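Enquirer: Predicted structure and sequence below. I'll ask about it afterward.
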Amino acid sequence: MELATKKIVLRYHWVFRIREGWGIFHQSLLGKIGLVLLLLFALMALCSYIPPRLDPMYDPMTGVDPKISHSTGPSMRHWLGTDFMGRDILSQLLAGARIAFMVGVSAAFMSIFLGTAIGMIAGYVGRIMDTLLMRLADMIMVMPTLLVVLILSSLFGQLNIWTIVLIIALFRWPGVSRVIRSQTLSLKQRPFIEAARVAGASHLRIIFRHIMPNVLPLSFLYMTFRVTSAIIIEAALAFLGFGDPGTVSWGMMLQWVWKTGHMFKAPYWLLPPGICISLITLSFYMLGRAMDEVLDPRLRREQEAG
Amino acid sequence: MNLTHNVKTHVLTARVLILGLLAVMFLIPWRHAYGADMVKVGLLQEPKTLNIWLASDRWSRKVLGQIYQPLYIRDPKTLKFIPWLAQEHPVYDEATLSYTVKIRPAKWSDGSDLTSEDVAFTGRLIKEFRVPRYASKWKFIKKIETPDRHTVRFYLKTPKAIFLTRTLTTPIVQKREWTEVIEAAKKTEKPLHALLNHKMDRPVSSGPFVLKDWKQGAYLFLQKNRYFFGQDKTIDNRKLGPHIGGIIFKIFGTSDAAIMALKKGGIDMFWWAIQPGYLEDLRKHENIRVFYNEKSALYYMGFNVRRPPFNDVNLRRAIATLIDKDFILKRILQGYGIKMYSIVPPGNHFWYCPNLPRYGEGLPKEARIRRAYEILRKTGYTWQVPPIDTEGKIVKAKDIRLPDGRPMKRFTILTPPADYDPNRAMCGMIIQEWLRAMGMPAFSKPMAFGSLIQQVKTRRDFDAFILGYGNLSLDPDYLRNFFHSRNDKPKGWNMSGYKNPEFDRIADLSAGTMDRDKRRALIWQMQKIIMNDVPYIPLYNPKLVEAVRSDRFTGWVEMLGGIGNIWSFCRLRPR
Amino acid sequence: MELRRYIIRRLVQIAIIFFVILTVLFMLFRLAPGDPVSRMVDPDMTPEEAQILISELGLDQPLWMQYLYYLRNFFMGRFGNSFHYGQPVVTIIANRLPNTILLFTTSIILSAFVGVFLGKIASWHKGGKVDAWMTIGALATHTVFLPWLALIMIWVFAYKLGWFPITGMISEEVWLNPEAGIVAKSLDVLHHMALPLATLFLIHFGSYLLIMRSSMLETLKEDYILTARAKGLSEKVIRNHHAAPNAALPVVTSVGLSLAFSINGGALTETVFTWPGIGRELVFSVSHNDYPLAQASFLLIAIVVLVSNLVVDVLYAYLDPRIRY
Amino acid sequence: MAEGRHNPLLELRDIRKTYRTRRSLFGSGGREVVALNSVSLEIYHGEIFGLVGESGSGKTTVGRLIVRLEDPEQGSIRLEGVEVTKLRGKALRDFRRKVQMIFQDPYQSLNPQLSVFDTVSEPLTVHRIGNSSQREEQVRKALTAAGLSPPEDYVFRYPHQLSGGQRQRVAIARAMVLKPSFIVADEPTSMLDASISAQIFNILIEMREKLDATLLFITHSLAAARYLCDRIAVIYKGNLMEIGSADEIIQNPIHPYTRALLDALPRFGDCGEMKYYGTLLGREREYVEPSACPFFPRCRPADETKCSRDKPLLKEIFPSHFVACFEPDLKQAEGSGGDTCFYGT
């Protein structure tokens, strides 16, 4: 191989690792199903921008069909029918995909960020900091998140979708931080950290340059699971009527079906949001499990040995 | 091998256990019908208490309404007062400012007589403990006398219109039952607290039914009261029963479940407004009858008239013009309701003033915008992009400016959250969109109910809100409460901060006017003033849709506020 | 001795955590906007009347006084009276708790039991079709949106097929009937419990299955399994008697750790099925600003989760002879 | 070199270090273990000093203390006369430039996420030495010096793409790149094949010459120490047993423990009948007083009364040859091996 190309290729080491990971991932049936489903949902989320541009009546929140003022079944104009106000269910469903991704990914990202940072600090600094942070984690961990968000949303008024996301993130970091902490603890003992210290590296440098790259894959694995739980919590909250009324989420759609009494007579309206919530959680879950296999060093070693 | 044997037994037990559980679940023998002459009524939530002084929720009142009776009730048709526990109409003595009421011979459910002592006791209890919700109706009573066992005389401090409509409709409690309770309560640090928190298990009843059993979270069983004074009597030309063995109140938790139970015959009536979505099916059902009645309700948008921008009556009028009540009614309420044009519901025929300004009535969207634009333009409002362009076409307006040239600051419309009332939350969203089309920076913000009230009533820091009353009293005294400048204080009822000396004067006059017709003229005048100044924009009054089984019982009595009234339960009879 | 010291240490930790939760909860509830009286909107109540009610409820005292009262009352076991029901909170909770316990323990035991059983089967067929379908099935049921599943269950089994009552816990036909004995009454409760139980079961058994499966696969790689094989024991005995009991240990932990998760689900299930339990009461009290009741139910849930985590740890050590304190 | 009794480069004085055993899973326990007990050493400029002992003897701890990965409980460590244990901030950074360490396990001592270039250049980056092209040049030189040439083939590789020996060379390059004056090499070859070990040894020797560096070579093998070192110290359970020049220690070991270590070495070549000391007790003595000589439980020639009560101090038996034993047996072992008797590792 030419030296120059070699340099470039090797510089992008992570490309290799991803490819290598993909090799393992590719063999996992769950991973493939999950990925395909997820791509479908992403497509839905992208498509959500189309209907409102076609006609204002397809706006998921405010658009109503001028000719229809009650719930109707699927038709050419409305492929999945309309809701009780004459709004198009399909465009709501598409918008719901967008919200689900938004809620799931941003809440997961925040909680993973928090969890990773706290876990690394607790593990690296140790002593009283570790004890304090981990007791805090214990405390937050025993709180049923949904009930906490419920209490908060009833106390502080109807919560805005971003507030909900923030609260979910604030209450879902302990699991991640525990894993990251123990990983950090074991990394801290590793000679390469000591080598860096002997070389004169500062604590910040050690954390960011040596520990973080080694815990990030684990964080990303946890992110997929956090995405699911965030989506479920938001949906449950919206279902109970504590969601953000300004957004059309799937949970909100279910709440509308339930509250307006269409639950048993409008299956075209009851089924899609429920199926979507279940499937998107399922796909993230499958993805997570497949990634788990990619990242599990033990399985990896077996692969290498074999 | 022994080990294998062990494992096998484990697996076997497991299988037997699971099968057994499944069998139990599926093969429950169908129970035989019990209580054929009991009316089963579905409730959405558990009554919170049977202590009448604490009962502020609808569910407790629904149950307690069958137990504690007042002196006077309303006729279902005319809504006029007719004597109930009282023998006849009260006799007024202008000289002493006193009313004398004769009590009907009646018994409590424990067999003892209901006497004037009980009535006087109830009044004194309320006055002494200043029981919330009742105290204001009794505080103008100077003195209560009981000349004999069947006569009560009330001496008033000043003439009060609400004496007849509110004071005399207070439910009467038994002296014997409550004497001990209040004696004990008085000895505590917080007597009212003790009184409110007294646990009442089996209230002594003067009504048609008496409580027999309450399984928390499941049902309440009210049995026919054999001492009921109206039994087989004719009152107000109506022959009373009860002809049924009792009422079983079943608690469902969700409308869905209750309506399914109704369809399946599990209950005979669902005592709650039915959402339009269910109606189509219910109407098709051969054994279900649907009743449509008006409610004495008011759902409205209120403004904070203390501060800009809503201290300008023209802006309020323009908004009233922009709001399309037909849209709200047709889309959000699915047609089950009526548009409101006054604070007093039209169903309250006597007090409702029929000829009031109707802003933008029946206009299409474009015409509304044009008219509102006219109102605002004439009074000095300007736009960066006005809603009507130079060619007279409607465009999306941008950046409205107040008459003084300053831009309009963003304002919020507070609404209850969707879980509490989806209709009001939705109205907020829609109104926001309409106002934005005029270039107004409107933001609809649903808020937890407690916080909303806190914001509007206590802190009085808000721009506009959408609230409502599902059960307004039939006496229009609330008009005075809502808009009298005296009530513009923290936690006061004048939430808008409306101040009008002329209105105050008429309102005070109306409160002391005992003559019905004279008072009506005053009340009408008040309505006109309010609808001219629009501190509140009345939006709608939902229609009360209720459904019952028609195969087991007949005799439901319709009235303002629905079929769930004392008349119905006294007149129901098995088919 | 060691075990006892460990338990004591954990109890102290639990006490501290609990105290913090107690305080945070107090702050949250007191600092939030909205007072309980505002909830009882009634055009008839004058501001003076409302003020009387507020002072009767002790809400007009300085915050730190309220806090001290709150702590004192808590340690004396007095949670105060519910604003809504006007009865001692303890009475209400005592009334609702057994219902929740009944539903919860049954569903957890049932799903753990079935999960372990099926997980074992799946691990036997590792890589095969049975395994693949079981895994996918478990994942699918585990990720179904719970309230939606509950609605569908009601629709199919209660509404369409009419096999089960729609909601509730008992039916008045049986309980008011003087002829009905204890057997009829318990059968009635079981009948009502079937649907919520099945819903919770469907949601939870999948996770136990997956845990059991992977734990079983891991255990089968251990040396002592190899030894057992070398001794010539049959595969079945090895799996059922040597591997399964050890492999089931993580399930025990997961039961404890997933408790917070199950409580979320429990609240939803109880709400949809109108099961008169503590979760539904919490949702209700929260939306009615009933501070004492919401606080007490939340604290109770926190205690349950904390203590059960401890119990699981101890139980784990008791079951696994390799762990010593 | 060893003869020059000028001021020592590194001086350890009465170093004591104890560890608490890790708490068991649920937090009880925590016994104290003495890792180093009053250790004093002097290492002179330019020499390779070997520290030999079995695993758990505390030899690694000495290395870790010197590079300030840990702090001693008592005693002082001086480098060029400057107290090391109290260094903070800037002074510590300067110290880090002067003292480097090569770790035992090349599989663990390289960050798997960093390329060879990143690993080797890190010390330069940390100490802000040179610009990027200068750094690249230095990295190249260090890699070449460590036997990885041409360096272009290696700079962009990752640890998992390297063999164990290559990894250790990278680690050596990392240690060399700062041109330190003192290097601690902690069993750098124990994880490697014998042939590669020899190469590594040669690199270390070259390094000393090129950088004019002083080395502390920590090993469990007397043979390796003899091959590489100028002077050797033998450590047992945190106590120094014998210090002397390498030849002296091998040819004329005095302490029973040193002799036992020699006995344990495989030997080849013309070793004659036997050169066997037999100082190790077959079965350990039990119930030993804490104040006893640390080697007493395993010492055959020990004096039951004296050695069980007190601990002997280091005494200069021969010039520059220190032994910690009450009654050193100065006799050589029976039988003599020729000059061609070699000890293997």
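Expert: Good, I have the coordinates.
Enquirer: Centre-most residue in the chain?
Expert: In the absence of a named chain, chain A is used. Closest to where the C-alpha atoms of chain A average out (CA atoms, centre = their mean) is A:Val227, at 1.8 Å.
Enquirer: let's do chain C instead
Expert: C:Ile263 (3.8 Å).
Enquirer: So for that one, what's the nearest residue that isn't a sequence neighbour?
Expert: Counting by CB to CB, 6 or more residues apart in numbering or on different chains, the nearest residue to C:Ile263 once its immediate chain neighbours are dropped is A:Pro144, at 4.4 Å. All C-beta atoms are positioned from the backbone trio N, CA, C, and that covers glycine.
Enquirer: burial measure for that neighbour, as a count.
Expert: Applying other CB atoms under 10 Å in any protein chain shown, we find 24 residues neighbouring A:Pro144.
Enquirer: Quick check: the gap between it and chain B.
Expert: Distance, A:Pro144 to chain B, by CB to the nearest CB, to the nearest Å: 19 Å.
Enquirer: How confident was the prediction at that residue?
Expert: For A:Pro144, the pLDDT comes out at 80.
Enquirer: Then C:Ile136?
Expert: At C:Ile136, pLDDT is 85.
Enquirer: Cross-check the contact I'm expecting between it and A:Lys32.
Expert: No: the criterion here is CB atoms under 8 Å, and C:Ile136 misses it with A:Lys32 at 11.8 Å.
Enquirer: ok now do the closest residue to chain A within the stretch 151-300 of chain C, which residues does it touch?
Expert: Going by CB to the nearest CB, chain A is nearest to C:Asn264 of the stretch 151-300 of chain C, at 4.0 Å. Listed by CB atoms under 8 Å, 6 or more residues apart in numbering or on different chains, the contact partners of C:Asn264 are A:Pro144, A:Thr145, A:Leu146, A:Leu147, A:Ile233, A:Ala236.
Enquirer: picking that back up, check the gap between the residue nearest to the centre of chain C and chain B for me.
Expert: From C:Ile263 to chain B the distance is 19 Å (CB to the nearest CB).
Enquirer: ok now do that residue, which residues does it touch?
Expert: By CB under 8 Å, 6+ apart, the neighbours of C:Ile263 are A:Pro144, A:Leu147, C:Gly279, C:Ile301, C:Val304, C:Val305.
Enquirer: Of those residues, keep whichever come out buried.
Expert: Neighbour-count burial (16 or more other CB atoms under 10 Å in any protein chain shown) applied to the contacts of C:Ile263 gives A:Pro144, A:Leu147, C:Gly279, C:Ile301, C:Val304, C:Val305.
Enquirer: Turn those residues into TSV, columns for secondary structure.
Expert: Below are those laid out as TSV (DSSP: H, G, I helix; E, B strand; the rest coil):
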residue	secondary structure
A:Pro144	coil
A:Leu147	helix
C:Gly279	helix
C:Ile301	helix
C:Val304	helix
C:Val305	helix
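Enquirer: What is the nearest of these to chain B?
Expert: Minimum distance to chain B across the buried ones among the contacts of C:Ile263 is 12.4 Å, recorded for C:Gly279 (CB to the nearest CB).
Enquirer: Where does pLDDT dip in the stretch 1-150 of chain B?
Expert: B:1-12, B:14-15, B:17-18, B:21-35 (pLDDT under 70).
Enquirer: Strands of that one, start to end?
Expert: In the stretch 1-150 of chain B, the segments counted as strands under DSSP state E, counting those that start in this stretch are B:38-43, B:72-74, B:81-83, B:91-93, B:98-102, B:106-107, B:113-114, B:141-148.
Enquirer: Run a quick neighbour tally on B:Thr379.
Expert: With other CB under 10 Å as criterion, B:Thr379 counts 15.
Enquirer: Quick check, it in contact with B:Asp404.
Expert: No: applying CB under 8 Å as the test, B:Thr379 and B:Asp404 come out as separate, 11.4 Å apart.
Enquirer: now the helices: where do they sit in the stretch 201-306 of chain A?
Expert: Ranges of helices within the stretch 201-306 of chain A are A:203-205, A:212-239, A:250-259, A:267-295, A:297-305, based on DSSP state H, counting those that start in this stretch.
Enquirer: Equivalent analysis for the stretch 51-200 of chain C, please.
Expert: Using DSSP H, counting those that start in this stretch, helices in the stretch 51-200 of chain C cover C:63-75, C:89-124, C:129-143, C:146-153, C:172-175, C:182-219.
Enquirer: hang on, the earlier thing: could you list every residue that touches the residue nearest to the centre of chain A?
Expert: A:Gly104, A:Val105, A:Ala107, A:Ala108, A:Phe284.
Enquirer: Next, the angle from the helix or strand in which B:Ile430 is found to helix A:250-259.
Expert: Take DSSP states H and E as the rule and B:Ile430 turns out to sit in helix B:422-437. Going by axes from the mean of the first three to the mean of the last three CA atoms, to 10 degrees, helix B:422-437 is angled at 120 degrees with respect to helix A:250-259.
Enquirer: thinking again about what came up before, so for the helix or strand in which the residue of the stretch 151-300 of chain C closest to chain A is found, mean pLDDT?
Expert: Taking DSSP H and E as the definition, C:Asn264 sits inside helix C:259-273. Averaged across helix C:259-273, the pLDDT comes to 81.
Enquirer: just stretch A:130-140 next, same as before
Expert: For stretch A:130-140, the mean per-residue pLDDT is 85.
Enquirer: That stretch: which residues count as buried?
Expert: By neighbour count on 16+ other CB under 10 Å, the buried set for stretch A:130-140 is A:Asp130, A:Leu133, A:Met134, A:Leu136, A:Ala137, A:Asp138, A:Met139, A:Ile140.
Enquirer: cool, stretch C:261-280 as well?
Expert: So for stretch C:261-280, counting by 16+ other CB under 10 Å, buried means C:261-280.
Enquirer: same thing with stretch C:239-253?
Expert: For stretch C:239-253, by 16+ other CB under 10 Å, it's C:239-244, C:246-252.
Enquirer: now stretch A:178-195
Expert: Going by neighbour count (16+ other CB under 10 Å), the buried part of stretch A:178-195 is A:178-181, A:183-184, A:187-188, A:190-195.
Enquirer: Make a markdown table out of those residues and add pLDDT.
Expert: Listed next are the buried residues of stretch A:178-195 as a markdown table, based on pLDDT from 0 to 100:
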| residue | pLDDT |
| --- | --- |
| A:Arg178 | 85 |
| A:Val179 | 85 |
| A:Ile180 | 88 |
| A:Arg181 | 89 |
| A:Gln183 | 86 |
| A:Thr184 | 89 |
| A:Leu187 | 86 |
| A:Lys188 | 85 |
| A:Arg190 | 84 |
| A:Pro191 | 86 |
| A:Phe192 | 88 |
| A:Ile193 | 89 |
| A:Glu194 | 88 |
| A:Ala195 | 88 |
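Enquirer: Would you point out which residue of the stretch 201-306 of chain A is nearest chain C?
Expert: Distances between the stretch 201-306 of chain A and chain C by CB to the nearest CB are smallest at A:Gly274, namely 3.5 Å.
Enquirer: residues in contact with the nearest residue in space to that residue that is not next to it in sequence?
Expert: Once flanking residues are discounted, A:Gly274 sits nearest to C:Trp148: 3.5 Å by CB to CB, 6+ apart. Taking CB under 8 Å, 6+ apart, we find C:Trp148 in contact with A:Phe239, A:Leu254, A:Pro273, A:Gly274, A:Ile277, A:Ser278.
Enquirer: again, 7 Å this time
Expert: A:Leu254, A:Gly274, A:Ile277 (CB atoms under 7 Å, 6 or more residues apart in numbering or on different chains).
Enquirer: Looking at the residues you listed, spot the one nearest A:Phe220.
Expert: The shortest approach to A:Phe220 among these belongs to A:Ile277, at 23.0 Å (CB to CB).
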